[in-house]
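Student: Please work out how this folds:
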Amino acid sequence: MRYARKIEVIGAVVCAGIAILAVVLILTVPYFIAVGRSPTGALYDNSNGYVYVPNQGSDTVSVIHGTTVVGTVNVGVEPVSALFDPKNDYVYVTNVGSGNMSVMNGTTIIGAVNVGSDPQGAACDNENGFVYVPDAASHNVTVINGTTVVASVDIGAGSEGAVYDSENGFVYVLEPGRSNVTVIDGTTPVATVQVGSSPISETYDSANGYVYVPNQLSSNVSVISGTVVIGTVQVGRDPSLSTYDSRNGDVYVLGYANVSVINNTNLVGSVSLAGISSNTIPQSSVYDSGNGYVYAAIPFANAVAVISGTTLVGSVIIGLTQNDPSWLAYDSENGYVYVVNSYSDSVIVIAGTSVMALSTFLGLPAVEAYTLIGGLAAAVAVAATVAIVWGDRRGRTSLEW
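Tutor: Sure thing, here's the model as predicted:
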């Protein structure tokens, strides 16, 4: 009887352990796509449906189609971002460690173009197909056509980002050190526009033709039309990146624990993120044209905020191990939002407001398989425990029956 009781107790403990393990697996294992070391960006290519993820730590680019990695491509040193040129369907990868741009078509490298020593935040002119590569160290902008450098535009200061305005054909290049924006037409600078202190990014609004420039130290956004600032909008603390919503015409500006919403030159709303994380700035954002949501990645909170209009719809928790949601990309072909996690070398896929289960186990999606295993183990553990209690009440163990 003593040994029978021990067997029952051990069985109950083992089953309970299996149930706990299954719960852990559900929370941590089934959701991610493994990529290279220290991924730092994401880009969707609408010509082939691929998502490109530069991996700064492994000098590679992971190419994802749907939920499958279809290629790992060696590029230059320390790739940090990628840009799609719809004129030739090329993808340009910015390599800050080697001072060049790797040019890809699909999963094939077709060339490498030398630019400045510290390339940052390239932009593409969709009309002529030129790619503009600002350089933070060389004080110029390299202009590329295909795989050839066609010009080097001197702007007199370190530049760290650019955006293309399809209405007037201008390219706007940030100069954070001088708190201004240089406007380039083709290969010629045509104006210098003074903005706020420490401009950090730009967003183009195709509905009104305005360019929005968040100024981090001024806590405002400069609104440019052509070569003139037509408005300055006060927003939340430390504004950084921004995203344009083509459905409602709003521009969403990421700030310290909040997202400011601008329409034309007016602040129309402020979405608090304090309930998700009260002490951090969202790292990046993306607009989902399928459902109209704006997604904001919140580092160290294991979450992505989901915004509709000026309302926080909720947040998507992306698992215990994915602790740095840093960059986002939207795939319009299947409606997925890809979340790049720099610390865990992985990509999470969100559909709507849910994380997709990508792995499989026993022929089932992993989350379903682990739930089934956990449920069965828990049922056995409960049954064994009931048997022990029933046996004790009868003065014997269940195995004696």
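Student: so who does the closest residue to residue 304 other than its chain neighbours touch?
Tutor: Spatially, and ignoring its direct neighbours in sequence, residue 304 is nearest to residue 316 (4.7 Å; CB to CB, 6 or more residues apart in numbering). Heads up, the C-betas are built off the backbone N, CA and C, glycines and all. Counting by CB atoms under 8 Å, 6 or more residues apart in numbering, residue 316 touches 303, 304, 306, 350, 353, 354, 355.
Student: what do you get if the cut-off is 6 Å, keeping everything else the same?
Tutor: Counting by CB atoms under 6 Å, 6 or more residues apart in numbering, residue 316 makes contact with 304, 350, 353.
Student: okay, the residue nearest to residue 226 when sequence neighbours are not counted: pLDDT?
Tutor: Nearest non-adjacent residue to residue 226, counting by CB to CB, 6+ apart: residue 168, 6.1 Å away. pLDDT for residue 168: 94.
Student: what number of residues lie near residue 168?
Tutor: Neighbours of residue 168 under the rule other CB atoms under 10 Å: 14.
Student: Then the one 3 residues further on?
Tutor: Look at residue 171: counted by other CB under 10 Å, it has 25 neighbours.
Student: Check the secondary structure at it for me.
Tutor: Counting by DSSP: H, G, I helix; E, B strand; the rest coil, the backbone at residue 171 sits in strand.
Student: before we move on, what about the one 3 residues further on?
Tutor: Assigned by three-state DSSP, the conformation of residue 174 is strand.
Student: residues contacting it?
Tutor: Listed by CB under 6 Å, 6+ apart, the contact set of residue 174 reads 160, 161, 181, 199.
Student: By pLDDT, rank those and give me the bottom one.
Tutor: Among those, residue 160 carries the lowest pLDDT, at 78.
Student: if I pick it, what's in contact with it?
Tutor: 120, 121, 136, 174, 176.
Student: just to revisit the earlier point, which strand or helix spans the residue nearest to residue 304?
Tutor: Secondary structure assignment for residue 316, by DSSP states H and E: strand 311-317.
Student: Strand partners (parallel or antiparallel) of that strand?
Tutor: Strand 311-317 has its sheet partners listed here by DSSP bridges as strand 303-308 (antiparallel).
Student: How far does the strand it pairs with sit from its chain's centre?
Tutor: Computed by CA atoms, centre = their mean, to the nearest Å, the separation of strand 303-308 from the middle of its chain amounts to 12 Å.
Student: Just confirm residue 253 is within a strand.
Tutor: Yes - counting by three-state DSSP, residue 253 is found in a strand.
Student: gap between it and residue 315?
Tutor: Separation of residue 253 from residue 315 (CB to CB, to the nearest Å) stands at 19 Å.
Student: okay, these two: which has more neighbours?
Tutor: Legend: neighbour count by other CB under 10 Å for residue 253 and residue 315, higher for residue 253 (27 against 20).
Student: The nearest residue to residue 73 once chain neighbours are set aside pairs with what?
Tutor: Distances taken as CB to CB, 6+ apart place residue 61 nearest to residue 73, at 4.8 Å, with adjacent residues excluded. Bridge pairing for residue 61 (DSSP bridges) gives the partners residue 54, residue 73.
Student: Could you check how many residues crowd around residue 61?
Tutor: Using other CB under 10 Å, residue 61 has 27 neighbouring residues.
Student: contacting residues for residue 281?
Tutor: Counted by CB under 6 Å, 6+ apart, residue 281 has contacts 238, 240, 256.
Student: Just name the lowest-scoring one in these, pLDDT-wise.
Tutor: residue 240 (89).
Student: ok, it - contacts?
Tutor: Residues near residue 240 by CB under 6 Å, 6+ apart: 200, 254, 281.
Student: ok, of the residues you listed, which one's closest to residue 109?
Tutor: Of all the contacts of residue 240, residue 200 has the smallest distance to residue 109: 31.0 Å, by CB to CB.
Student: where's the spatially closest residue to residue 143 that is not a sequence neighbour, which helix or strand?
Tutor: Leaving out its chain neighbours, the residue that sits closest to residue 143 by CB to CB, 6+ apart is residue 151, at 4.2 Å. Following DSSP H and E, one finds residue 151 within strand 148-154.
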